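Q: sequence? don't have it. structure:
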């Protein structure tokens with residue numbers, strides 16, 4: 001059923017000169033930074049934070065703490081579900097590349113990191129609220145996330161993915177402020193101390209339908225764990241440089257977007273309950289509008305409904321049922 005699905009990949013450099021394209025999701029974290037009068041300062045400061053964090057995590061043979069820098073690419077994935085040349089913007093992720101200024105080498109990093117999707121906006125900001133209208137308690141449809149998950153797995157298994165990326169994706173996001181996390185005795189030299197949640201979450205279940213497992217680690221000198229979603233073996237499939245590039249990039253973004261958790265002035269304890277109402281935190285000088293981002297998610301969910309879900313509903317339902 002998916003033989004006619006065609007994917008295309010386009011990459012855009014994310015640097016201080018980046019300006020979002022017209023078809024870029026405006027709720028995407030990096031697009032949000034690249035707007036307004038301080039757009040260039042925002043991007044420059046964020047990239048500096050990423051490079052500083054990278055060098056701090058890779059101190060060996062790096063006495064001046066400036067051996068490495070990270071280049072970022074925005075990877076935009078479009079899908080043609082009928083093979084007729086009409087594409088819909090499906091997924092946006094980030095790819096890291098590491099510059100070793102001592103050896104002069106550029107080392108390929110991981111694809112994934114940040115994750116954005118119009119269909120996910122539709123699921124969480126349109127479908128789920130509509131499904132719960134008039135209900136006495138919150139509920140989730142049985143097939144919630146099925147379509148999105150199958151599209152993602154189809155892309156990762158595609159020739160298009162294999163032609164562009166050498167390893168499976170790793171997505172790194174914030175911990176949930178509705179769960180409690182328990183520190184374990186397991187510690188990785190790069191990923192740091194592992195935490196385990198007290199229960200599963202809707203986000204975990206959603207990513208699981210994308211074929212991804214999750215582990216939670218608090219990297220060295222961090223104040224809160226990060227959620228790492230991955231295929232295969234997170235600890236052995238990726239190099240130290242690849243993992244450090246992901247940590248430094250996504251921890252920087254989280255310090256900007258969720259300073260209550262990731263720029264807190266106290267380190268997560270053995271039993272950790274994240275909170276977006278935590279007042280004892282520092283803020284960066286980078287401008288970010290969290291409220292606007294939530295509002296835009298609804299608008300972009302309706303965009304996906306109008307231009308993807310409704311027009312291709314029959315073929316998508318048939319494809320999903322066939323692959324169930």
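A: Done, it's in. These numbers were taken from a predicted model, which means no experiment stands behind them.
Q: Tell me which other helices or strands the helix or strand containing residue 41 touches.
A: According to DSSP states H and E, residue 41 maps onto helix 39-57. Other helices and strands packing on helix 39-57, by 3 or more Cβ pairs under 8 Å, 6 or more residues apart in numbering; DSSP states H and E, are helix 29-33, strand 68-80, helix 240-257. All C-beta spots, glycine's among them, are computed from the backbone N, C-alpha and C.
Q: That one: which residues count as buried?
A: With burial defined by 16 or more other Cβ atoms under 10 Å, the residues of helix 39-57 counted as buried are 39, 42-43, 45-47, 49-51, 53-55, 57.
Q: now the angle between strand 68-80 and it, please.
A: Following axes from the mean of the first three to the mean of the last three Cα atoms, to 10 degrees, one obtains 120 degrees for the angle between helix 39-57 and strand 68-80.
Q: Skip the chain neighbours and tell me the closest residue to residue 101.
A: residue 67 (5.7 Å; Cβ to Cβ, 6 or more residues apart in numbering).
Q: gap between residue 18 and residue 159?
A: Distance, residue 18 to residue 159, using Cβ to Cβ, to the nearest Å: 29 Å.
Q: related to what we said a few turns ago, would you turn the helices and strands packed on helix 39-57 into JSON lines with distance to residue 180 and mean neighbour count?
A: Listed next are these as JSON lines, based on distance: least, Cβ to Cβ, whole Å; neighbours: other Cβ atoms under 10 Å:
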{"stretch": "helix 29-33", "distance to residue 180": "26", "mean neighbour count": "22"}
{"stretch": "strand 68-80", "distance to residue 180": "32", "mean neighbour count": "20"}
{"stretch": "helix 240-257", "distance to residue 180": "19", "mean neighbour count": "24"}
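Q: Which of those sits closest to residue 112?
A: Nearest of the helices and strands packed on helix 39-57 to residue 112, taken as Cβ to Cβ: helix 240-257 at 7.6 Å.
Q: for the chain, which residue is closest to the average position?
A: residue 114 (2.5 Å; Cα atoms, centre = their mean).
Q: any idea whether that one is helix, strand or coil?
A: Following DSSP: H, G, I helix; E, B strand; the rest coil, residue 114 is assigned to strand.
Q: Could you double-check that it sits in contact with residue 253?
A: Yes - using Cβ atoms under 8 Å, residue 114 makes contact with residue 253 at a distance of 6.7 Å.
Q: where do the strands sit along the stretch 51-200 of the chain?
A: Here the stretch 51-200 of the chain has its strands, by DSSP state E, counting those that start in this stretch, at 68-80, 88-100, 105-117, 170-174, 181-188, 192-197.
Q: same for the fourth one, what does it pack against?
A: Strand 170-174 sits against strand 105-117, strand 226-230, helix 240-257, with contacts defined as 3+ Cβ pairs under 8 Å, 6+ apart.
Q: mind putting those in CSV, mean pLDDT and distance to residue 77 included?
A: Output for the helices and strands packed on strand 170-174, formatted as CSV (pLDDT from 0 to 100; distance: least, Cβ to Cβ, whole Å):
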stretch, mean pLDDT, distance to residue 77
strand 105-117, 94, 9
strand 226-230, 98, 17
helix 240-257, 95, 19
